[in-house]
Each structure stands twice: as structure tokens, then as C-alpha cells.
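In: Task: produce atomic coordinates for the following.
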Amino acid sequence: MKTKRFLGNISIAILSALIAVFVYSHYFRKENSSTVSIEQQKQKALDLLEDSNQVNYSPAPYGTNGDIVDFTEAADKSVHAVVHVTSKYNLQNDEYYQNPIYDFLFGNVQRQPSVSFGSGVIISEDGYIVTNYHVVEKSDEIQVVLNDKRTFSAEVIGTDPGTDLALLKVEGEKLPYIELGNSDLLKVGEWVLAVGNPFNLTSTVTAGIVSAKARNINILRDQSRYPIESYIQTDAAVNRGNSGGALVNLRGELVGVNSAIISPSGTYSGYSFAIPINLVKKVVADIIKYGEVQRAILGVSIFDVNSVVADEYNLNKIEGVFVESVTDDGAARDAGIKKGDVVLEINNIKVNSATELTEQIGKYRPGETIYVTVKRDNKRKQFEVVLRNMHGNTKIVKAEEYLEVLGASFQKLSTSERRRLGVDYGIGVVDLKDGALRDAGIKENFVITRIQSEKITDVEDLKRVLSREGLGAVTEIEGTYPGSRYMYVYKVKIE
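Out: Down below sits the predicted model:
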């Protein structure tokens, strides 16, 4: 009898414990996860980016001592975190299809949206995704499909044309994500995998080696006034659709974001290029924290050192980056760096080309302190430099400051206003005060339709284009006035 009572008490206790675990996991835990705020999600992502900076180099687990190289672990760690990105662009808004001659010839037909495809990499379990700017550049709608076939609508959190990067966000929990590595420690000859969706062939993995680092192929010059091109070159097969996908090392860590190929045919012919992850980390952190990328400026004009330069300036070795001039009141000049110095290191990382130097500076923000090692009179010197922004000070620059420079407020046009003005997009200039717009001759109620030939549909478009152009730029602003049949173009200096 006692035994039966004892066993009965134990059974009741076990059953009670199981019920408690079930209730907690299905109700309390679910409730807690649903209350995670946007700010908490941002902080988790920033923590991941910061933690990844502590990654130290250790030998690859495979490929040493003559062992057979095994890619399976790296592939398994990365393939689930690489997504297929579908970007839709509404041709109805394209000026070619708004041409009245087109309407006369073909009638007022409904145009199907244009669809482009690419890849992206999930970098946090709550849904932050890195891809290329050119993958989502004109998107009206973005969808991402995971390796397990789940589909999400994605929001563009921010873009940086100067590095060809964009940050997307989907609403999800416990999504597969990839650990971030350290591209500064990546070595030429090291094995890497490219993971993406070439030609819509989802979850494709190819292998190659790092062929070169700090490669500049001059493809971003028309996309930004301040491009940073310092690509990791590999011979891993990359094709259309791989853009925005992952470049990983044999530890399965993300070391780059695939961005471009060089090919006369438009398909892979041996050369592919990825944005270094250390630069990606900084761009993503800026977008999450400030809403846009913070560009730091050293304040020098530079070129590579070669044998001709070494002979001309009596340099005892061909190394570093030659300082041709320093900007008046710039960060370098104030720190003591002079014309004729040769920059050897940025924070103890060697730089042997202008591309490498630009990449290293691109990892820092205005107001941050770096240590620049130079060679002067063939002797090493180190300078402490406080970096500045494009304004020439150490403040964090936000897009709202560009609006203040313009000296006006802006409002999106209603449907009836667009119809009355005969435009399909644009923003109105209201509350015009002293500033760059008035100085250029623009009057109250002017409707801005394009800046630098890019359509302006809302204030966010205005901020994005102005931020990309930067202070000091002479910018073409196109638009019309109520009651006018003409389009006007003004040249506005943003300073």
C-alpha cells in the first residue's frame, strides 16, 4: 500500500513538472519573445557585429599538412543563412513607359513589373539581411526565400551606394544566420566558398581560393562620389544571381559579400569579387545605429609607391602609399602628417596601395582616433589622428542636416496634386527660407521630381540622394511649378 502511494506521489510530481514546462514554453516564453522591441533587435545585431571584431585567426580545420580539403562543414554552416532575393520594380513608374507616343502606339496597357533576382545573407536571428545595393536599387517590393522554402517580405533599412551594400529586415525569430569572420586576416591562397543563387539555382555552393585582396575595379564611380572599392578577388565561380551572397572561409565564417564579376560575356570567366566583411560590419552598424553610413576623411591626396616614385623621392624601399598633398585644416595636417610622407600602416595594419588605405579608413567614423605610421626621411614616425567628416568636423552627420542646408520643408504630393501637375511623383517645396534652394533661384511651391536624374517620390528619396552626393557637391534638381507646362533644372550647391 505504501509503495503504491509512493509511486502515485512520484507520478503526480512528474506530471506537474511536465505541465509547468509545457505552460512556460508555450505561453510565457512565447509572450516574452513577442515583446522584443525594435530597439532590442537593433542592439542584438550591433552586439553580433561588435563580437565578430574579436575573432582571431586560427588555422583552417582542413587543408593543412597535406590533408584532403573538406568543404562540407563550411557549406552546411552557411547555406541555410543565404537567401534568394526577388526585387520587383514597377515599370508603370518608368519614364519610358509614360511616353505619350508609347501610349498612342500600344494603348494604355497594364505593364507587368520588372523582376530581378539576387542573393542575401542573414546576419542575425531576428532577420537582418545584407545584400548588394544594385540588387534592390529601384525596388518597389522585395521578397526573400530561405533555403527551407519559407518566404518573407523584406523592408529596406538603409543603403550605401559607395560600397554597393544594402541592409534588409524581415520579421522572424530564430532564423538561421551566419557567423562573421575577420577579412583583415584572410590570406591570399586561402580556400573560400561562394554561396548564392546563380541563374535562380537556389542554394548553390562553389569553391575557390583568394586570388588577391584590395582589388579596385572601378565599377562604383557612377554610383557614388565617395566609392570604396577594395574587393577580395577569388576564382570561386560566381554568376548573375550570386550578387549579395556569401563568401565564407573553411570555418564557415562570413568573410565577404559577393558583388561583381569581370567577364566579356557577362558570365563567370575566372574573376569574382567580394566586399570585405570588416567593411560590411561598419556599414551595417552605421545604418542600424544612425540610419546612414558615416564617412570618415583622413584629408590627404595619395598615390601608390612604385620604382619611379621611390627613385624620385629617394625612398629606400618600395612600400606604402605616398602623400601627394594634405587638406588645409584636415585631420592629417592637424596631426602633423606632411606632403611627401609615405603611409605604411593604419592602426598597425600595413597598407601598400591607395585602395588598401581607403578600405582601412572606411572602417572608422568621424571623431574616432587612429594611429597612422608613416615614413619620413626614411625613418618611421607614428601620428595620432582624429578623423573628420565631409564637413571638416568630427560630428556624426545625419541626412536631416542636408535638409537644413536646403532651407525648406517638403511634403509628398497627393494623388489629385500629381494629376493636376501632370506628374507621377515628386515632392513640394514649402516654407522656403534662406538656404541652398533659394540661392539657386528656386521659389516656393516648386515641385522636385528628380535629383541627379533620380526620381524623388518622398523625403526619404531626397535624403538618400543628398547623402550620397555629400556636402560641397553641385547637384542638379529638376522639377516644375504649379500651372507651368515646362520642366526646370537648377544647379544647387550643397554646402
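In: and Glu400, that one's in a helix?
Out: Yes. Assessed by DSSP: H, G, I helix; E, B strand; the rest coil, Glu400 belongs to a helix.
In: How much space separates it from Val144?
Out: Plainly put, Glu400 is 30 Å away from Val144 if you go by C-beta to C-beta, to the nearest Å. Using the backbone N, CA and C atoms, a C-beta is placed for each residue, glycine as well.
In: now do Leu254
Out: Separation of Leu254 from Val144 (C-beta to C-beta): 17 Å.
In: returning to that earlier point: the more surrounded of Glu400 and Val144?
Out: For Glu400 versus Val144, neighbours defined as other C-beta atoms under 10 Å are more numerous around Val144 (24 against 10).
In: which helices and strands does the top strand by length along the chain pack with?
Out: Longest strand of the chain, by residue count under DSSP state E: strand 204-215. Judged by 3 or more C-beta pairs under 8 Å, 6 or more residues apart in numbering; DSSP states H and E, strand 204-215 is in contact with helix 72-79, strand 191-196, strand 231-234, strand 272-276, helix 354-361.
In: Of these, which is nearest Ile442?
Out: Counting by C-beta to C-beta, Ile442 lies closest to helix 354-361 out of the helices and strands packed on strand 204-215; the figure is 35.1 Å.
In: Export only the CA atoms of the longest strand of the chain, formatted as CSV.
Out: Listed in CSV are the C-alpha atoms of strand 204-215, where the atom choice follows Å, rounded to 0.1, in the frame of the first residue of the first chain:
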residue,chain,number,x,y,z
THR,A,204,24.4,26.9,-54.9
VAL,A,205,27.9,26.4,-53.4
THR,A,206,31.2,26.8,-55.4
ALA,A,207,34.8,26.7,-54.1
GLY,A,208,38.0,28.6,-55.0
ILE,A,209,40.9,30.4,-53.4
VAL,A,210,41.6,34.0,-52.5
SER,A,211,43.4,35.3,-55.6
ALA,A,212,44.1,38.8,-54.4
LYS,A,213,43.0,41.4,-51.9
ALA,A,214,42.3,45.1,-52.1
ARG,A,215,41.3,45.0,-55.7
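In: ok, it: who's next to it in the sheet?
Out: Applying DSSP bridges, strand 204-215 is found paired with strand 191-196 (antiparallel), strand 231-234 (antiparallel).
In: Reformat the ones you listed as a markdown table; add mean pLDDT, mean neighbour count and distance to Asp184.
Out: As requested, these are exported to a markdown table (pLDDT from 0 to 100; neighbours: other C-beta atoms under 10 Å; distance: least, C-beta to C-beta, whole Å):
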| stretch | mean pLDDT | mean neighbour count | distance to Asp184 |
| --- | --- | --- | --- |
| strand 191-196 | 97 | 26 | 15 |
| strand 231-234 | 97 | 25 | 11 |
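In: Arrange the ones you listed in CSV, one row each, with distance to Val85 as further columns.
Out: Conversion of those to CSV gives the following (distance: least, C-beta to C-beta, whole Å):
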stretch, distance to Val85
strand 191-196, 10
strand 231-234, 20
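In: could you measure the residue positioned nearest the centre of the chain against Lys281, distance?
Out: The chain has Leu165 as the residue nearest its centroid, 2.5 Å off, counting by C-alpha atoms, centre = their mean. Between Leu165 and Lys281 the computed distance is 11 Å (C-beta to C-beta).
In: Equivalent analysis for Ser211, please.
Out: 23 Å.
In: How about Thr151?
Out: 28 Å.
In: Looking at these two, which has the bigger crowd around it?
Out: Neighbours were counted for Thr151 and for Lys281 using other C-beta under 10 Å; Lys281 has more, 23 against 12.
In: Could you tell me what pLDDT the model assigned to the residue nearest to the more buried one when sequence neighbours are not counted?
Out: Leaving aside its chain neighbours, Lys281 sits nearest to Leu49 (4.9 Å; criterion: C-beta to C-beta, 6 or more residues apart in numbering). pLDDT recorded at Leu49 is 81.
In: my read: Leu49 touches Val284, true?
Out: Yes. Taking contacts as C-beta atoms under 8 Å, Leu49 lies within contact range of Val284: 6.3 Å.
In: ok, these two, which is more surrounded?
Out: Between Leu49 and Val284, Val284 has the larger neighbour count (other C-beta under 10 Å), namely 27 against 21.
In: pretty sure the more buried one is in contact with Leu167, am I right?
Out: Yes. Because the distance of 5.5 Å satisfies C-beta under 8 Å, Val284 is recorded as touching Leu167.
In: tell me the mean pLDDT for stretch 268-276?
Out: Stretch 268-276 carries an average pLDDT of 91.
In: quick one: contacts of it?
Out: 163-165, 183-184, 186, 194, 208, 211, 213, 215, 217, 230-239, 242, 247, 255-263, 359 (C-beta atoms under 8 Å, 6 or more residues apart in numbering).
In: Buried only: go through these for me.
Out: If you count burial by 16 or more other C-beta atoms under 10 Å, the buried members of those come out as 163-165, 183-184, 186, 194, 208, 211, 213, 215, 230-239, 242, 247, 255-261, 359.
In: Touching stretch 424-436 from outside, list them.
Out: By C-beta under 8 Å, 6+ apart, stretch 424-436 touches 93, 98, 404-413, 417-418, 437-438, 442-449, 455-459, 461-462, 479, 492-495.
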